[in-house]
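Visitor: sequence first, then the predicted structure:
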Amino acid sequence: MNKANLLAATKLSVPVVKKDLIKLLLIAPQSTFHQYWDLFIMMCALYNGLTLPIEIAFEPAWMELNAVSYLNTLIDIAFLVDIIIVFRTTITGNDGEENTDQKQIAKSYLQGSFSIDFLSTIPMDDIASLFLEPEIADKFALFGALKLIRVTRLTRIIRGLSVDRQSKGKLKLFKLMFMLCLYVHCVGCLWFYLNKIDMTWVPPQDSIYSDESERPFWNYGLFD
């Protein structure tokens, strides 16, 4: 083989090797790694759903501990990595076959839940606290509630799990119960947050009742 033929064969083999390398970096949704990763993201979403309303409404002191801050940062990074993993996860085509086309995978995700995942991943409140004055950064605290959108990933995760139909049905029932509890949890925290701004639940008692004995028991406010 002369030098020209060897050079031509090398040029032809490079794209093939590159394409094979890209395919090796893809992740099948049924792989063990992807299943465990989805379970990890599910636990992170459940944690955010429970703690974020408490953090915004009650501002407990334990949320300012270094260990909790490190945990929240780790979870933020995990959701960012999850976006990258979704871009590297193969999809199922209309024919039921596994699709490894990079453009089709990216197009499917961009047209799907990418915008929701992106908005819920960027920690706007933390970024504001780094670059803005504390008085101004406090106004961005409510942007942290966007992280609650992360719980919507439960639908995608449950749909992609490689389990039998009965187990998947139980997971869907669990998701429904969790969403109902999360709704009640968020409404309760929102009610406390709104009343914390006004610092009162009811008008002062002396403007309604002149005699303490006439005041009904249900009229006692939290901040009275």
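Guide: Cool, the structure landed.

Visitor: tell me how far residue 64 lies from residue 82.
Guide: Taking CB to CB, to the nearest Å as the measure, residue 64 falls 26 Å from residue 82. In short, each C-beta sits where N, CA and C put it, glycine included.

Visitor: more crowded one of those two?
Guide: residue 82 (22 against 10; other CB atoms under 10 Å).

Visitor: what strand or helix carries that one?
Guide: Using DSSP states H and E, residue 82 sits within helix 66-87.

Visitor: which regions of this structure sit below the pLDDT cut-off?
Guide: 1-24, 198-224 (pLDDT under 70).

Visitor: hey, where'd the helices end up in it?
Guide: Here the chain has its helices, by DSSP state H, at 3-24, 32-58, 66-87, 102-110, 114-121, 124-131, 134-137, 153-160, 165-198.

Visitor: which among these is found nearest to residue 144?
Guide: Smallest distance to residue 144 across these (CB to CB): 4.0 Å, for helix 124-131.

Visitor: tell me which residue is most central in the protein.
Guide: Most central in the chain under CA atoms, centre = their mean is residue 150, positioned 2.2 Å from the mean C-alpha point.

Visitor: go ahead and confirm that residue touches residue 118.
Guide: No. Counting by CB atoms under 8 Å, residue 150 does not reach residue 118; the two are 11.3 Å apart.
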